[in-house]
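Visitor: any chance you could fold what I've pasted below:
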Amino acid sequence: MAKNIMIQGTMSNAGKSLLVAGLCRIFRQDGFATAPFKSQNMALNSYITEEGLEMGRAQVVQAEAAGVPPSVFMNPILLKPTNDTGSQVIVNGKVQGNMSAKDYFAYKKKLIPDILKAYQQLERKFDRIVIEGAGSPAEINLKQDDIVNMGMATLVNAPVLLVGDIDRGGVFAQLAGTVMLLEPKERARVQGMIINKFRGDQSILDSGVEMIQEITGIPVVGVVPYMQVDIEEEDSLTERFAAKNPAGVLDIAVIRLPRISNFTDFAVLEQRKQVNLRYVASVAQLGQPDMILLPGTKNTISDLKWLRQNGLEMAICRAKEQGSVIFGICGGYQMLGMHISDPEQVEEGGQLRGMGLLPVNTTLTREKTRRQVQGCLGKLSGMLQCLSGFRFAGYEIHMGQTEFDKEPGVAVAEIQQQQICRLDGCCKENVYGTYIHGIFDEEGIVKTMLVSLAKRKGITLDNLTEMTRKEYKESQYNLLADTLRKHLDMEKIYQIMEKVGK
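Guide: Numbers count the residues shown, from 1 in each chain. Now for the predicted structure:
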C-alpha cells in the first residue's frame, strides 16, 4: 500500500503545485517510486498522453519531477473554463460535455468512483503518492460536497500539510483562520504547516512561528524562501505574464488572450537569454516585435472578437506588413485564417471573419482531436524557411477542422502516423499556423529560428550552445528539491507519512 501525503493551501496560488513537484523529486531521489495526484483540476493548460487522453499540465510537470510517464490516473477530472460560469468537463481524459458551475456542483459527487479507481491504479504501482488540493479547504459554502481537499484526504486517509503564502501578506491569519474553519476531524488531518514564499531574515519570523504553533497546536515543518526556479505553471495567476528580459536582443510578443491556454508552448523561448519574451494585452504594449505569437485559447471566437475590439488585430496585421513574423498555434492558428464557422454551437454559433493572413477556413466541431504527433516541418516560406525539414514531436488538442480555402496551400508540418503522412498547418510569407503544441521544443528548431530572427536585425547571437529543454527542466527540478531539503523538515514529513494509516 502506497504511503501518501496531501498538500493543501490557504488560497489559490499559495504554491501547492510547486511543493508537490519538489516532494515528488525528493522522494524519487530517495529511491521511492512516486506519483502525483489531483482529483480535480481547473486549468486551460492541458496535455495529451501517449494513449490520447487529456490531463492537466501541473500533474505532467509533477510526473516529470518524479521521473515517471504522465498518466491520466494522476488527474481524473479536468475542468476547462469556457466562460465565467461554465466549463468543459473531462473525466478520465475524455470530454463529457459542457456544464454550468451550478450543474457541475450538483453532479460532481457522482465522480467519486472515478476518482477512487484512478487513485487505486496509482496505489498499486507506486510507493509514494503526493496529492494536491485546490484553492482552500476552508470554503465553508463548498465543503459539504468537496472532492478535492478534505473530502479527498478522507477518501484515501491522507495526512495534510497546509501551505500559506507569506508573500501576499497575512500568513498567520491565513493559517489560523483556515484551521479554525475546519471541522474537528478535518483539523486532526493537518499534521504540519508550511510558510511559503518568504523573503528576508528568517530570525525575524521565528517568534511568529512559535505563536502560530501555540495557537493552532500544529507544527510548522518548514519556512520556504521565495524560490528562483523555472518550473512550468498552468495557472492564469502565473507571474510569468509580467516577466521580461530587457537584456534579450530579440523581442518576441505573446498575445495574452482572455482565455489563453497552453502558454507553456513558449517556455522554451523564455529559457533563452537572447530573448525578451513578453505577454501583451493592448496595442500600446505591442510595439514592433521581431515575432508575434498567437497562443491557444478555450474560446477562439470570443477571443478573436476581443482582438478585433481592442485594436490588436489591426496592430498585428500592421506589424506583419512591417516585417514581424506571425506564428499561431491551435486557436491562434484558427484566428489567422479567412473564416471560422461554428454550425454546432461548440462556442457561440454562427460564422466569424478571421484575420485573413492565412488561406484556410476552420469549422468547429464537438469531437475533440487528442493525439501525440511527430514528423518533420514542410517546405516553409519566408523568414522561417530555414526550418524546413526539421524533426519535431508534440501533441494536438483542439475542437475543429481547418482546411485550405480554395486550393492547396503550403503546409507547416508533415505528420507521420503508422506509415501514413498527413499535412498540418499553413504558411504564407512570414505568417505561420499549426495545431501542434510543443512545436518549438526541439533544440534545432528553436536555435535555427532565433538565428534567422537575429540575422534580419543584422546581429549575431553568441553562446547558443545551451542545455536542451529536457536538461534544463531536470536542472530546475533538482534545484527545487535541493532548496526544499534545506528548508523543510523532511524527517518530520517522513514520520507523518509513516504514522497516518496505522
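
Visitor: can you give me the buried ones in the longest strand seen in the chain?
Guide: Longest strand in the chain, counting residues (DSSP state E): strand 360-377. Neighbour counts over strand 360-377 (16 or more other CB atoms under 10 Å) mark 360, 361, 362, 363, 364, 365, 368, 370, 372, 373, 375, 377 as buried. C-beta here means a position set from N, CA and C on the backbone, and glycine is covered the same way.

Visitor: likewise stretch 209-226?
Guide: Quick answer for stretch 209-226 (16+ other CB under 10 Å): 209, 212, 216, 218, 219, 220, 221, 222, 223, 224.

Visitor: centre of the chain to that stretch, how far?
Guide: 30 Å (CA atoms, centre = their mean, to the nearest Å).

Visitor: so how far is the first residue of that stretch from its last?
Guide: 17 Å (CA to CA, to the nearest Å).

Visitor: show residues contacting that stretch.
Guide: 15, 19, 161-162, 167, 172, 175-176, 179, 190-199, 202, 205, 483-484, 487-489, 492-493, 496 (CB atoms under 8 Å, 6 or more residues apart in numbering).

Visitor: report the buried members of these.
Guide: 15, 19, 161-162, 172, 175-176, 179, 190-198, 205, 483-484, 487-488, 492-493, 496.

Visitor: which strands or helices does the longest strand of the chain pack on?
Guide: strand 46-48, helix 300-309, strand 339-342, strand 391-404, strand 413-417 (3 or more CB pairs under 8 Å, 6 or more residues apart in numbering; DSSP states H and E).

Visitor: hmm, back to that, quick check: of the buried residues of strand 360-377, which lies closest to residue 274?
Guide: residue 377 (21.5 Å; CB to CB).

Visitor: wait, isn't the closest one in contact with residue 389?
Guide: Yes - between residue 377 and residue 389 there is a contact at 6.3 Å, judged by CB atoms under 8 Å.

Visitor: skipping adjacent residues, who's closest to residue 96 in space?
Guide: Nearest residue to residue 96, sequence neighbours excluded (CB to CB, 6 or more residues apart in numbering): residue 89, at 4.6 Å.

Visitor: in a helix, that neighbour, correct?
Guide: No - checked against DSSP: H, G, I helix; E, B strand; the rest coil, residue 89 lies outside a helix; its state is strand.

Visitor: for it, give its distance to residue 108.
Guide: Relative to residue 108, residue 89 is positioned 9 Å away (CB to CB, to the nearest Å).

Visitor: pull up the overlap in contacts between those two.
Guide: Counting by CB under 8 Å, 6+ apart, the common neighbours of residue 89 and residue 108 are residue 77.

Visitor: what about residue 27, neighbour count?
Guide: Neighbour count for residue 27, taken as other CB atoms under 10 Å: 28.

Visitor: could you give the mean pLDDT of the helix or strand where it lies?
Guide: Residue 27 belongs to helix 16-29 when elements are defined using DSSP states H and E. For helix 16-29, the mean pLDDT works out to 97.

Visitor: domain assignment for this structure?
Guide: 3-231+474-499, 250-460 (automatic domain parsing).

Visitor: surely residue 92 touches residue 115?
Guide: No - using CB under 8 Å as the test, residue 92 is too far from residue 115 to be in contact (10.0 Å).

Visitor: show me where pLDDT drops low in the stretch 151-300 of the chain?
Guide: 234-239 (pLDDT under 70).

Visitor: tell me where it has strands.
Guide: Per DSSP state E, counting those that start in this stretch, the stretch 151-300 of the chain carries strands over the ranges 160-165, 190-198, 220-225, 250-255, 260-261, 275-280, 291-294, 296-297.

Visitor: would TSV of those strands with distance to residue 478 be doable?
Guide: Shown next, in TSV, are the strands of the stretch 151-300 of the chain (distance: least, CB to CB, whole Å):
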stretch	distance to residue 478
strand 160-165	21
strand 190-198	20
strand 220-225	16
strand 250-255	28
strand 260-261	29
strand 275-280	24
strand 291-294	29
strand 296-297	30
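
Visitor: residue 79 is nearest to which of the ones you listed?
Guide: That would be strand 260-261 among those, by CB to CB, at 12.8 Å.

Visitor: how distant is the closest one from the center of its chain?
Guide: Distance of strand 260-261 from its chain centroid, counting by CA atoms, centre = their mean, is 9 Å.

Visitor: returning to what we had before: contacts for the helix holding residue 27, please.
Guide: With CB under 8 Å, 6+ apart as the test, helix 16-29 has contacts from 5, 7-9, 34-36, 58, 61-63, 65-67, 127-128, 130-133, 161, 163, 194, 196, 224, 227, 229, 231, 233-235, 477-478, 480-481, 483-485, 490, 493.

Visitor: quick one: which of these sit in strands?
Guide: In this view, those that belong to strands under DSSP E are 5, 7-9, 34-36, 128, 130-132, 161, 163, 194, 196, 224.

Visitor: now, of these, which are buried?
Guide: Among these, those classed as buried by 16+ other CB under 10 Å are 5, 7-9, 34-36, 128, 130-132, 161, 163, 194, 196, 224.

Visitor: residue 20: neighbour count?
Guide: Residue 20: 27 surrounding residues under other CB under 10 Å.

Visitor: I'd like to know how far it sits from residue 267.
Guide: On the measure of CB to CB, residue 20 and residue 267 end up 19 Å apart.

Visitor: count of residues packed around residue 282?
Guide: Applying other CB under 10 Å, I find that residue 282 has 11 neighbouring residues.

Visitor: and it, how far is that from residue 410?
Guide: 32 Å.

Visitor: before we move on, back to that, closest one to residue 82 out of the buried ones among the ones in strands among the contacts of helix 16-29, please.
Guide: Distance to residue 82, by CB to CB, is smallest for residue 132 among these, at 23.3 Å.

Visitor: quick check, the closest one in contact with residue 35.
Guide: No - with contact defined as CB under 8 Å, residue 132 and residue 35 do not form a contacting pair (11.6 Å).
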